[in-house]
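Student: got a predicted model here, sequence first, then my questions.
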Amino acid sequence: ETGVTQTPRHLVMGMTNKKSLKCEQHLGHNAMYWYKQSAKKPLELMFVYSLEERVENNSVPSRFSPECPNSSHLFLHLHTLQPEDSALYLCASSQELRPTDTQYFGPGTRLTVL
Amino acid sequence: GENVEQHPSTLSVQEGDSAVIKCTYSDSASNYFPWYKQELGKGPQLIIDIRSNVGEKKDQRIAVTLNKTAKHFSLHITETQPEDSAVYFCAASRNTNAGKSTFGDGTTLTVKP
């Protein structure tokens, strides 16, 4: 185990639903990330948080809304998603926001939008 | 912005053979190059990394080489084992883009027993 947990592991939702993805890290890290992993495409960085402040929003549609209530927890709130949003959503954390700090990934949430 | 290309997309080798995966990058300011291994049902895990002031780094059966002039870096796995089967990703980042790595498309490695 990497010390980063994600729930749920699988999620199926309709386009009108509202759901949330949860990430928790037990490593004492100060930076957390959300990535989208689609088939045949490279990992796409969505959001970066450092000490609970959002420092990066990588042109992500507003139907994805992140929340970082403390340095151990990260949420991704979803509403009115599209079928093309179906993907594996990965959370990661690192000690600080330095490129040489190892990012530890969770197992991901497999999201299917019907 | 940075662009990272990774080849091949799939690689099949016999157990005991070597495997080589190559990546090229476009931003000459990139100075940190990690490699991740992603097994089925899991998130990517760092297996080795290299900084731009080093040409080669080894860790048991895994090595990474970096050619800054040509802007490419490679992952070498020797004496492959079936448990090496996974998807491997390269990435590139630089100090001024802390936390923002650009990833390659991934290589699916299959090691046949």
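Tutor: Nice, I can see it. Residues are numbered from 1 along each chain as shown, chains lettered A, B, ... in the order given.

Student: neighbours of the nearest residue to A:Val55 once chain neighbours are set aside, how many?
Tutor: Nearest residue to A:Val55 in three dimensions, chain neighbours excluded: A:Val48, at 5.1 Å (Cβ to Cβ, 6 or more residues apart in numbering or on different chains). C-beta: built from backbone N, CA, C; applies to glycine. A:Val48 has 24 neighbours, counted by other Cβ atoms under 10 Å in any protein chain shown.

Student: now do the contacts for A:Val48.
Tutor: A:Ala31, A:Met32, A:Tyr33, A:Arg54, A:Val55, A:Glu56, A:Leu97, B:Gly99, B:Lys100 (Cβ atoms under 8 Å, 6 or more residues apart in numbering or on different chains).

Student: buried subset of these, written for PyMOL?
Tutor: Per 16 or more other Cβ atoms under 10 Å in any protein chain shown, the buried members of the contacts of A:Val48 correspond to this PyMOL selection:
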select buried, (chain A and resi 31+32+33+56+97) or (chain B and resi 99+100)
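
Student: what packs against the lowest-mean-pLDDT helix or strand in chain B?
Tutor: Lowest on mean pLDDT, DSSP states H and E among the helices and strands of chain B sits strand B:102-103, with a mean of 92. In this structure, strand B:102-103 makes packing contacts with strand B:86-92, judged by 3 or more Cβ pairs under 8 Å, 6 or more residues apart in numbering or on different chains; DSSP states H and E.

Student: what strands line up against the strand it packs on, and which way round?
Tutor: In the sheet, strand B:86-92 lines up against strand B:32-38 (antiparallel), strand B:102-103 (antiparallel), strand B:107-112 (antiparallel) (DSSP bridges).

Student: so which of the ones you listed comes closest to B:Gln14?
Tutor: Among those, strand B:107-112 comes nearest to B:Gln14, with 5.5 Å by Cβ to Cβ.

Student: got the phi/psi numbers for A:Asp85?
Tutor: Dihedral pair for A:Asp85: phi -80, psi -10, per degrees, to the nearest 10.

Student: nearest spatial neighbour of it, chain-adjacent residues omitted?
Tutor: In this structure, A:Asp85 finds its nearest non-sequential neighbour in A:Val113, 5.1 Å apart by Cβ to Cβ, 6+ apart.

Student: and if you look at B:Val20?
Tutor: Excluding its sequence neighbours, the residue lying closest to B:Val20 (Cβ to Cβ, 6+ apart) is B:His76, at 5.4 Å.

Student: before we move on, what about A:Thr16?
Tutor: Spatially, and ignoring its direct neighbours in sequence, A:Thr16 is nearest to A:Thr80 (6.5 Å; Cβ to Cβ, 6+ apart).

Student: now, the contacts of A:Val48 that are in strands?
Tutor: A:Ala31, A:Met32, A:Tyr33, A:Arg54, A:Val55, A:Glu56 (DSSP state E).

Student: how about the contacts made by the fourth one?
Tutor: Applying Cβ under 8 Å, 6+ apart, one finds that A:Arg54 lies in contact with A:Phe47, A:Val48, A:Pro66, A:Cys68.
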